[in-house]
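Peer 1: I'd like to go over a predicted model; first the sequence, then the structure.
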Amino acid sequence: MAQHDDKALSLELRAQRKATAHLESLVNRGIAEALDTPAGRKMLWWLLSVSKAVAVNPFSGDPYHTAFNCGEQNVGQQVLARIIEVNPEGFLAMQKENLNEWNRSNGDPDRVDDAPGPGADFFDGGPEA
């Protein structure tokens with residue numbers, strides 16, 4: 001009887017692993033497809049911005065507020081890691097697009113950078129003033 005239970009458990013674990021692998025594949029494909037379009041890159045950039053993925057200090061005087069901020073940032077960092085894992089060049093393209101957009105909207109329409117310069121804070125809209 002125990003051998004039968006082990007076999008059933010093994011089949012169940014294999015089914016769960018297969019479902020997990022399928023979900024991971026769908027997530028990766030969704031990110032890759034989003035990075036292939038301007039609207040998709042803008043949506044991912046927005047998601048990284050609202051989750052304060054990088055360059056934001058999550059700490060405050062209130063421990064509950066700090067815990068909330070850290071949780072928010074953790075989600076953003078997981079999304080960022082997945083984007084970079086799936087398509088690092090797509091992430092770089094997203095950075096360039098947003099830096100160029102920031103330059104155009106802040107009075108420097110002729111400045112178009114191929115790469116971010118020092119002091120760039122991409123998730124806050126552009127270079128630090």
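Peer 2: Sure thing, it's come through. Numbers count the residues shown, from 1 in each chain.

Peer 1: residue boundaries of the strands in this protein?
Peer 2: 120-121, 126-127 (DSSP state E).

Peer 1: Show the contacting residues for A53.
Peer 2: Going by C-beta atoms under 8 Å, 6 or more residues apart in numbering, A53 touches Q73, G76, Q77, V79, L80, F123. Quick note: C-beta positions are derived from backbone N, CA and C, even for glycine.

Peer 1: Among those residues, which one sits closest to N100?
Peer 2: F123 (15.6 Å; C-beta to C-beta).

Peer 1: Output the longest helix belonging to this protein.
Peer 2: Counting residues, the longest helix in the chain under DSSP state H turns out to be helix 2-35.

Peer 1: Just the buried residues of it, please?
Peer 2: Buried residues in helix 2-35, defined by neighbour count with 16 or more other C-beta atoms under 10 Å: I31, A34, L35.

Peer 1: Over to stretch 84-97?
Peer 2: Residues V86, N87, G90, F91, M94, Q95, K96 are the ones in stretch 84-97 that count as buried (16+ other C-beta under 10 Å).

Peer 1: Skipping adjacent residues, who's closest to the third one in space?
Peer 2: Nearest-residue entry for G90: L35, 3.3 Å, with adjacent residues in sequence omitted and distances by C-beta to C-beta, 6 or more residues apart in numbering.

Peer 1: Check the second one too.
Peer 2: The spatially closest residue to N87, leaving aside those adjacent along the chain, is L35, at 5.0 Å (C-beta to C-beta, 6+ apart).

Peer 1: The one you found against V86, yeah?
Peer 2: Yes - contact criterion C-beta atoms under 8 Å: L35 and V86 qualify, at 7.3 Å.
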